[in-house]
Structures are given as structure tokens and as C-alpha cells.
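A.B. asks: my questions are about this predicted structure, shown below with the sequence.
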Amino acid sequence: MKANHLVWIRRVSQTFFLILFIFLLVESRLPQDIYLDYSIALDAKQNIELDYPVKYFFQLDPLIWITSLISGHQWIKGFGWALGIVVLTFFFGRIFCSFICPLGTIHHMASYIRPALKKQRMVSANQKHSSQRFKYFLLILFLMSALLGLNLTGLLDPISFFFRSLALAVFPGVGTGIKELLDLAAQSNIKILNYISYTGEVLISPVFGYGYKAFKSAWFIGILFLFILFLNRIRPRFWCRTLCPLGALLGIFARFSILRLEKDPEKCTNCNLCLLSCQGAASPMPGQEWDATECMLCFNCFNSCPENAIAFKLAWPPRVNKKPDMGRRAVLGGLLAGLSFPLLGRLDGRLHHVSDARLIRPPGSLPEKDFLKLCQRCGLCMKVCPTNAINPTLTEAGIAGFWTPNLIMTQGYCEYTCTLCSGVCPTGAIRKLSGKEKIESPIRIGSAYIDRGRCLPWSGNGPCIVCEEHCPTSPKAIRFIQGTSLSLTGKKMNVKLPYVDLKSCVGCGICEFKCPVKGNPAIRVIAAGESRSVANQILLTL
Amino acid sequence: MNYHPITRRESIKKLFKICGGLALADALTWPFQKTISAWAGSTHKKFIVEGIGRNHEYSVKALVGKVFEAAGGIHTFVSKQDVVVIKPNISWARSPDLAATTHPEVLEAVVELCQEAGAKKIRIADHTIHDARRCFAITGAGMVAKKTGADLVYPRSSLMRNMKLQGHRLDVWPVFLPLVEADKVINLPVAKVHSLSGLTLGMKNWIGAVGGRRSALHQDIHLTIVDLAQFFNPTITLIDATRIMVSNGPSGGSRSDVAVSNRLILSDDPVAADAKASGLFNFRPKDIGFIRLGEKWGLGTTEFQKLRQHKVII
């Protein structure tokens, strides 16, 4: 096949997968078709499910699959795709990196459309660099750490990284900007501007989310994303060459690739055009040994060679390619770091002693220890949550659980019948629940308690039953006892005093969300009582 | 288009014509004014209709139709080219059988009646408590909108506009705009118990028509309900009591909280409608704070004999 054709096939494939990725990301939301079948609306037992397989890209990712397999010791349904990618890599090298990976495509675009470096500087930037070993360090770190029960992969796995950056920072950021503009138009007294505003919101909300989406530490996620994009100005596809642990993993599998770059040094005129366009710094020049483990098979060198001195060919029988250049330091350093992180991560005592009271995991989450083995911190559950309650943690889960999901009840609450987050988790850190199971078990994510000093009836500031009113369980977990409290004038007043019945409370947090005492509500949800933990129970029996 | 700006002379002429016309009309009717108001007194006598479905397999749609017929037909309330806004109670993402929300069949029947009456636009608007999209889906309101072609208004924050309510308790409060930008407003609540106000009926439904710090309204619930009811003042109120929530209100969540009542209550007197519905829960109307206050502030009456009373049974 002609080189030019290969390059175009690659571009089409990249575009397709990037669009598919963004489409599935946008579709990770409460289904827009509110006009459900009448019978579904009438049937309480019917779950609202997503229309598209939004976790598809995660299931394509061999790194997520392998680390989950090592740490969780289980075959997770749906990861046959990842196995397929591994097989593909065995025969055709890191074809995933330049044909499928959406983050790779973004980097490719950033480095290729307007390259920061010109001519000779680009040629020298595309020479193989020892820093490319760093990705092996990260890979070994993640594998080792997974072996010891802490799955950190998602922090730098390209699919998780890209999804998190787009879902928690880029889309909410752009959405907020547009929405503020539309709100400005809505406040205008010019009728036509109001209509434009309303139509605009109807159009953009399904894409960017309803209302103002907010995620704690999203600014940091966004800055990190901008930073890795910026790195493309130092070297093309800096991330893919130097940081990507998935690239490192696929590189190792590429050792036996039968799709090889065949070189003919006789024809080479040392024009360096191949190096000028090399995305992976994989030594395409005749005279150097081709790095199968670094090559992302973008076919640029093949396409650019004027002398036909290099060509990609299928070699049969398979020959062993150049082995990955890891370097002993990367291996030992990775092992050591991988050994240290899980152990250091436990020193805060959150796993063995007492967890943070505010660490409220989504319903269906596994016990903390198993959770940390599987959670990719990808942000899918956070994206899909219709009330925006699920946020990435900063410190609530300790440093080991950085960016894992956590419900913040002042920002949203857990809808009583909603199980969207449990359905989208790619690794099953949040187990799949049905609405029926969630309600009837019941799945508790915590329990509420009343701060009598703040509560309006308890503190003598007047009647209020907002928490009781919103309590979704039946019988209600918040009940009141008719009683008296001392009003501020010193007179006794008759009020309904709210009490929480721990036996019925599921910790959904709507009471905290709706409490008129804003900021630090008078009724708050803590993790104690959550179903997933035996140690974290309050009552002797439920 | 031969459009040209109006000249000063023309505008003055027009002004005189209008003023003159008005003065003439007024002068002509002057001798009859007393009698006219006497007639008005009789024709504008308010009504209350109670519809009961006795037959085991009665159709809700037919009952809604009959109830409106007894009240004089939908044409009495909705004119051609009207923008009609229906305010159901679809606050909770609960399926219709749990009685936390207005039944979709009632909603559908009312929308269809408005369409028959030739309404230009029919909007269904509620500022829900749970996520609006889930509410629309689960309560069945979304399906009704799709089936009938009515607009379902998403309660976005920029549709809440500060307005002067001039109530006894509430002064300026954000109001859900579609409900004030309407020719006719139909209040379509569901009847259920409420832990603080006693019952959730027609007047209380207006809490779902405002934005802002709604949860603070509970600190003086009865008076704020009356303030809102006075402000929104619907054309008619149709209380859906086909099934009622008798315990664990207002959100319920279990079939055991629901009782079958097979009733609809239609009135142009918001206080009377609520008073009638309170009887279903074995309350005396005056036991409910907002009904008592509503009558006190002149929103309506709890004395049914002052109204045209009808009963429809199918």
C-alpha cells in the first residue's frame, strides 16, 4: 500500500475515534429522551439507563484492564476489547497510539498543525531522548502499586486523563462561560434576546450540562490538561513519548510486531525528512536501529521519504524487534516507587483506623480497600451524576484516593431512585445496582445527623420542616416530635423538632442540600452507617 | 409595506378618538351600571364541581370532561388564541401510582381540553424539587407533552425573575416567568398530606411556581402560601384526587401511603377547592392554616353554599 494512503487511513481513523470519544463523553448523562414510553413512566421498577456504551474507550484500554486484573484479581466484564488491542499490538505494534487513542490524536494535532519547532530544531527534537524511559518508570510504578492493592493508573492513563480533563474541566468551563452569556441575555428587557437565550440554553445544556456544573479541584485538572498540551511545543507528542504509561505497555507488546520499518541504507541521502516528521522519536533513519517500542506507526516517515529508502512491510516469519529501552534506573525506580506508594498511602490510617466522615462514596461502591484497587478516577460517575453531587476528592480519601469520587451534599444529592453512576463504572469499583435493589436493600451511603445549634426549630428560631419534607424514604428517616423550644424572647414555643431515625436513613443527602441553613447546613450527612463498610456501622442491628 | 411613522397630528387625533370613545361608552352604560353589576353578581357566582368515579373501570379522561362540562365547558375559561399555562405538581421524581404528583392522565385530559378550546399555546410549567428531567420522565409529564404537543418548560434559573408580590409576608421574590406570562393559568395540583402545612392542595402548589430560597418559606408556611396564591390567582383549580397520599407526605414513596379516592375537584375559587379537598382527609377546612388565612384575606370562601355546587358521578 502506498504510504500516502496509509497516512490518510490513519487520519480518518483518528478523526473517527476522537469524535466517537467526545460523543460518548457527551452522552454520559441522564438520557435526554424524557419522553419515555408511557408504560415506563407508570412503572416504578423501571430503571433509567444510558443509551450508549459510554465506557467503551475504557474497555479498549489494556492498561486499565491489566492493572485491574492485578489489583482486583478478577476478570471484569467487557474488557475483551482490551485483550483485542493487546493481540493487535502483538502483530502490528503501537497502532492504538496513532489510530485510536483520542488523547494521542489531540497531541498529534497540537504538534502537527502548527509545530513550534522548525527544520533542524525539529529534527533534533525528534531524536530519541533518554527521557522517553520515564514512561516505563511510570508503567512499572503503576503495575507494582496495583499488585499491592492501590490502583493509581487512572491518574495518568490517557483515556482516564482525557475523559477527566474534558468532563470535569473543559466542558464545564466552556459551558459556564456560555451560560453566563445566555443568562445576561435572559435578564435583558429585549424580548428577542430572551428567546435567543432560551433557545441557546435548550441547545447547549444537553452538551455542557444543565445549570452551572461545578467540580472541586477542576481548575487543577484543567491546568494540568493545558500543561500537557503545552508540552507539545517542547517536543511533538511529548506526552505519548515520555509520560504515557499505556504507550509504554503497548511498546513492550510491540516487540514481536510483524509490521516493521524496513530500511535501505543504500538509498538514504541523509535528508532527515523522516526525522522531521517522526511523531514517536523512534529512529526511522536508515543506519539507526528502528525502535519498534517507541514507534506509533503514524507512517509519516514512510510518507515523507523521497528516495523510498524506508518502508513499512509485513515481515513473516516474525523477527524480534529492538527491545524496549527502559534503563535499569527506570525499572528499579519504578519498582521502588510502586512499592512505596501503596504503603505510604496507608499511613494516614484512613484504611485501617477511621475514614474521613465526609468521604461519602457513590451508592454501590465497594468497600474502601477494594474500591482503591479498581477506581480509575476517570470521572465517568462524576460526569453522569444528574445532580452534580459526585466530585473528585482532594484529601477526603487520603492521598491514596486522590480524585476518587465523593459526594458533596451541599452541591447536589443522591437521587433516591437514580443508579446512573453504578451503571457506568468501567471497572466495577461502583457495582451495578438496579433502582429496586438500591431502595429495597437499602444501599446506604451514609447517615444524617442534626446540628441542634444551627437547626431553626431546635435553636428557637422558628418552625421549619424542610429536611423532613424532602426525606425520600418510606417511612421517613426524618421525623419530628412535637415539642417546645425556648424562643429568643424567652417564651416557650411549640415547634416540630426533627429527629433522624438511623434505621431508615440512607444518607442520600437531600436534607443537607435543601436545608435553609446554607454553607454549613444544620443537618449533615456523614459516611458512618454506609452499607459498604462493616466497621463503619453505628447501630448494633439495623 | 407602506409603513410610515405616525405623525404628531395623527397621534393626537387617535388619542382624542380613543378618549372620546371611552367617555361615550362609559356615558352610555352609566344608567345601567347598577343593574349590570347586579347581573354580574349572579352570573359571576363562583362554582365548585366535584367529580366522582364510582364505576370501577371509569375513565379519568371522561371524568375530567364531565367535570368541566358541569362547570360550563372549557370554553368558559379558555378562549381561542389563549396562551394557557398548566401548573401541575410534578415536584418529585416519583411514579404516578405513588400519588406524590399529578396523574399524567388528568394532565393529558386537561391539555386536550385546552386544545379543543383552541388555545394558541399550552405550556406545562413546574419548578420541580428533584432534577426536572427525572421528574418529567418519571411522573409521566414528559410523555404527556410528547403525546399532546404541549410545551414542557424546563425550570432554568434565568426564567426566575424577581417580582413584587405585595404579599403580607413576601415582598420581592423570584417568580417562574411562564406562569405570569400567560393568558390563562390552570392550577392542577395533587391532593396529599404535608408534614408542616397539613395538606398540599391547590394553594400550596404555588410554592412550585417560585424560585429563590424556597426552603425558607417554611418558616411561615401558611402566610407565604396565601401570599403566593393571591399573586398567581389561577383561572381555575382542578385538584387531582384520583388517588391521594394519606401518610408520609409530601414525598411518600410507598404504595401503602396511597388511598384511592377517585375524585376530581374543580373550582374557580381557590379556597373552596382546597376546603373541599381537605374533607377527603377528614380535616375541617379551618384546621388548615392556609385555608383559614386564605378566607380571611378574601381569596375565597369555605362556605360551599355561597357557590354553585355540582356533583358529577360516572
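C.D. replies: Received it, and whenever you're ready, just let me know what you need. Quick caveat, the model's predicted, so the values are computed rather than measured.

A.B. asks: so the closest residue to A:Pro472 other than its chain neighbours, which state does it fall into?
C.D. replies: Nearest residue to A:Pro472, sequence neighbours excluded (CB to CB, 6 or more residues apart in numbering or on different chains): A:Tyr416, at 3.9 Å. Where you see a C-beta, it was placed from the backbone N, CA and C, and this is true even at glycine. At A:Tyr416, secondary structure determined by DSSP: H, G, I helix; E, B strand; the rest coil is coil.

A.B. asks: could you check how many residues crowd around A:Gly177?
C.D. replies: Using other CB atoms under 10 Å in any protein chain shown, A:Gly177 has 11 other residues around it.

A.B. asks: can you confirm it is in a strand?
C.D. replies: No - the assignment for A:Gly177, made by three-state DSSP, is helix rather than a strand.

A.B. asks: residues contacting it?
C.D. replies: Applying CB atoms under 8 Å, 6 or more residues apart in numbering or on different chains to A:Gly177 gives no contacts.

A.B. asks: so the residue nearest to A:Pro472 sits right up against A:Lys436, yeah?
C.D. replies: No - using CB atoms under 8 Å, A:Tyr416 is not in contact with A:Lys436, being 12.0 Å away.

A.B. asks: okay, those two: which has more neighbours?
C.D. replies: Taking neighbours as other CB under 10 Å, A:Tyr416 and A:Lys436 compare with A:Tyr416 leading, 24 against 14.

A.B. asks: and the more buried one, backbone torsions?
C.D. replies: The phi/psi pair for A:Tyr416 (degrees, to the nearest 10) reads phi -60, psi -40.

A.B. asks: got it, and A:Trp81?
C.D. replies: Per degrees, to the nearest 10, the backbone of A:Trp81 is at phi -60, psi -40.

A.B. asks: I'd say it and A:Pro62 touch.
C.D. replies: No - with contacts counted by CB under 8 Å, A:Trp81 stays clear of A:Pro62, the gap being 9.1 Å.

A.B. asks: test my guess that B:Leu177 contacts B:Asn162.
C.D. replies: No - the pair B:Leu177 / B:Asn162 is not scored as a contact, 10.7 Å apart, by CB under 8 Å.

A.B. asks: low pLDDT regions in chain B?
C.D. replies: Applying pLDDT under 70 to chain B picks out residues B:1-5, B:28-43.

A.B. asks: neighbour count for A:Trp81 and A:Pro62, which is higher?
C.D. replies: A direct count of neighbours by other CB under 10 Å for A:Trp81 and A:Pro62 places A:Pro62 higher, at 23 against 16.

A.B. asks: list the buried residues for the lengthiest helix in chain A?
C.D. replies: In chain A, taking DSSP state H as the definition, the longest helix is helix A:3-27. The neighbour-count check on helix A:3-27 (16 or more other CB atoms under 10 Å in any protein chain shown) flags A:3, A:6-7, A:10, A:14, A:17-18, A:21, A:24-27 as buried.

A.B. asks: save these as CSV, and put in pLDDT too.
C.D. replies: Below are the buried residues of helix A:3-27 laid out as CSV (pLDDT from 0 to 100):
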residue, pLDDT
A:Ala3, 81
A:Leu6, 91
A:Val7, 92
A:Arg10, 94
A:Gln14, 96
A:Phe17, 97
A:Leu18, 97
A:Phe21, 97
A:Leu24, 96
A:Leu25, 96
A:Val26, 94
A:Glu27, 93
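
A.B. asks: of those residues, closest to chain B?
C.D. replies: Nearest to chain B, judged by CB to the nearest CB, of these is A:Glu27 at 14.4 Å.

A.B. asks: tell me the contacts of that closest one?
C.D. replies: Contacts of A:Glu27 (CB under 8 Å, 6+ apart): A:50-52, A:54.

A.B. asks: for B:Arg284, grab the count of nearby residues.
C.D. replies: 12.

A.B. asks: what sits against it?
C.D. replies: B:Ser278.

A.B. asks: let's go with 10 Å and repeat that
C.D. replies: B:275, B:278, B:291-292, B:302 (CB atoms under 10 Å, 6 or more residues apart in numbering or on different chains).

A.B. asks: what does A:Ser160 give?
C.D. replies: Contacts of A:Ser160 by CB under 10 Å, 6+ apart are A:57-58, A:61, A:63-64, A:103, A:153-154, A:246, A:375-380, A:403, A:426.

A.B. asks: rerun that using 6 Å as the cut-off
C.D. replies: Counting by CB atoms under 6 Å, 6 or more residues apart in numbering or on different chains, A:Ser160 touches A:154, A:376, A:378.

A.B. asks: what is the nearest of these to A:Leu168?
C.D. replies: Relative to A:Leu168, the closest of the contacts of A:Ser160 is A:Cys378; by CB to CB it sits at 9.8 Å.

A.B. asks: quick check: closest non-adjacent residue to the closest one.
C.D. replies: A:Ser160 (4.0 Å).

A.B. asks: what kind of secondary structure is the one you found in?
C.D. replies: Counting by three-state DSSP, the backbone at A:Ser160 sits in helix.

A.B. asks: and for A:Leu433?
C.D. replies: coil.

A.B. asks: tally of neighbours for residue 170?
C.D. replies: Reading this off chain A. Residues near A:Val170, counting by other CB under 10 Å: 19.

A.B. asks: please go with chain B instead
C.D. replies: Look at B:Leu170: counted by other CB under 10 Å, it has 20 neighbours.

A.B. asks: got it, and the one 4 residues further on?
C.D. replies: The criterion is other CB under 10 Å. On that basis, B:Pro174 has 17 neighbouring residues.

A.B. asks: that one contacts B:Met160, correct?
C.D. replies: Yes - the criterion here is CB atoms under 6 Å, and B:Pro174 meets it with B:Met160 at 3.9 Å.

A.B. asks: now the common contact residues for these two.
C.D. replies: Common neighbours of B:Pro174 and B:Met160, using CB under 6 Å, 6+ apart, are B:Gly211.

A.B. asks: circling back to that earlier point, so which of the contacts of A:Glu27 is the most crowded?
C.D. replies: With neighbours taken as other CB under 10 Å, the top of the contacts of A:Glu27 is A:Val54, carrying 22 neighbours.
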